[in-house]
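Peer 1: Need a 3D model of the following:
(one chain, ligands or ions: 1)
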Amino acid sequence: MHAQPGVRARPHTPVAEQAEQAAPNRRLPASTFRSRHSALSELQRDTWERLWPKLGVSVIPEPAGSSGEPLDTEAWFGRRAPLVLEIGCGNGASTLAMAQDEPDIDVIAVEIYRRGLAQLLSAIEREQVGNIRLIRGNGIDVLEQLIAPDSLTGVRVFFPDPWPKARHHKRRFLQPATVDLIADRLLPGGVLHAATDHPGYAEHIAAVGDEAGGADPRLVRVEPGTESLPISVVRPTTKYETKAQEAGNDVTELIWKRR
Ligand SMILES: C[S@@+](CC[C@H](N)C(=O)[O-])C[C@H]1O[C@@H](n2cnc3c(N)ncnc32)[C@H](O)[C@@H]1O
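Peer 2: Reported below is the predicted structural model:
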């Protein structure tokens, strides 16, 4: 894959250089994500060095307003297939299971947290899954700078950090501007699927999704199981979700279809 004008995407640089370039999160706006310990085990480092050049891209954003070429996903996956972006994939447990369930759909997992991506890389190799690629970067930059309008069949955002304190609500990933951007990148009929265990964030996401596009709404809410959709909305139960359930939190599933 070529470097993308407008976004420095580095699929082929050696891992040490990549780590130096991509690891300091200070290069990314301190917004929706927390800083997390991201050191890799020796085994994960070995897997990363072997697989990242082929399956991964590290993104460092250019200044706002730069225009970039969207990713050539057909070249990257080696085929033309419906494309799903999962933002904030964590360790990729949902990414892996859903990609295995839908081998005819290509999935790009976006995450800041390198160890999560490394865990997903190991699982991809262990399970021999061919329809997942990975991007290390901020989901907003990826949507803005690497994804063309009207190009995605689905966007998944599972258990985004709820930022429960009122003064932190502005850090929540699903805000009006981000949901408008997602709507713009979806194809007509494409699906936005979000899930959260935080009741306040669920209300917020519901309002933001229903209001996307303002007077000319771009997303239509879909009740799970009521109509046929171009991608599955059946998720596995992840460790994160199990913990939420054990803490007594219900999970809200929110699904929209782009008009
Ligand atoms: C609470 S975890 C949930 C992980 C996973 N989706 C799951 O269900 O287990 C939220 C994840 O979103 C990631 N994240 C937060 N903001 C992000 C952003 N702007 N771009 C990419 N990833 C982000 C965090 O690093 C974290 O791993």
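Peer 1: How about the contacts made by the residue nearest to residue 105 when sequence neighbours are not counted?
Peer 2: In this structure, residue 105 finds its nearest non-sequential neighbour in residue 82, 5.0 Å apart by CB to CB, 6 or more residues apart in numbering. In this view, the C-beta of every residue, glycine as well, is placed from N, C-alpha and C. Residue 82 is in contact with 104, 105, 106, 153, 154, 230, 231, counting by CB atoms under 8 Å, 6 or more residues apart in numbering.
Peer 1: now the residues you listed as JSON lines including secondary structure?
Peer 2: Putting these into JSON lines (DSSP: H, G, I helix; E, B strand; the rest coil) gives the following:
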{"residue": "104", "secondary structure": "coil"}
{"residue": "105", "secondary structure": "coil"}
{"residue": "106", "secondary structure": "strand"}
{"residue": "153", "secondary structure": "strand"}
{"residue": "154", "secondary structure": "strand"}
{"residue": "230", "secondary structure": "coil"}
{"residue": "231", "secondary structure": "coil"}
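Peer 1: Go ahead and build a PyMOL selection from the buried members of those residues.
Peer 2: Of the contacts of residue 82, the buried ones can be selected in PyMOL as follows, counting by 16 or more other CB atoms under 10 Å:
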select buried, resi 105+106+153+154+231
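Peer 1: so which of the contacts of residue 82 comes closest to the ligand?
Peer 2: If you rank the contacts of residue 82 by distance to the ligand using CB to the nearest ligand atom, residue 154 comes first, at 14.5 Å.
Peer 1: any idea how far residue 69 is from that closest one?
Peer 2: Using CB to CB, to the nearest Å, residue 154 is found at 22 Å from residue 69.
Peer 1: and what of residue 137?
Peer 2: Residue 137 is 16 Å from residue 69, by CB to CB.
Peer 1: repeat for residue 189
Peer 2: 25 Å.
Peer 1: Good, wrapping up.
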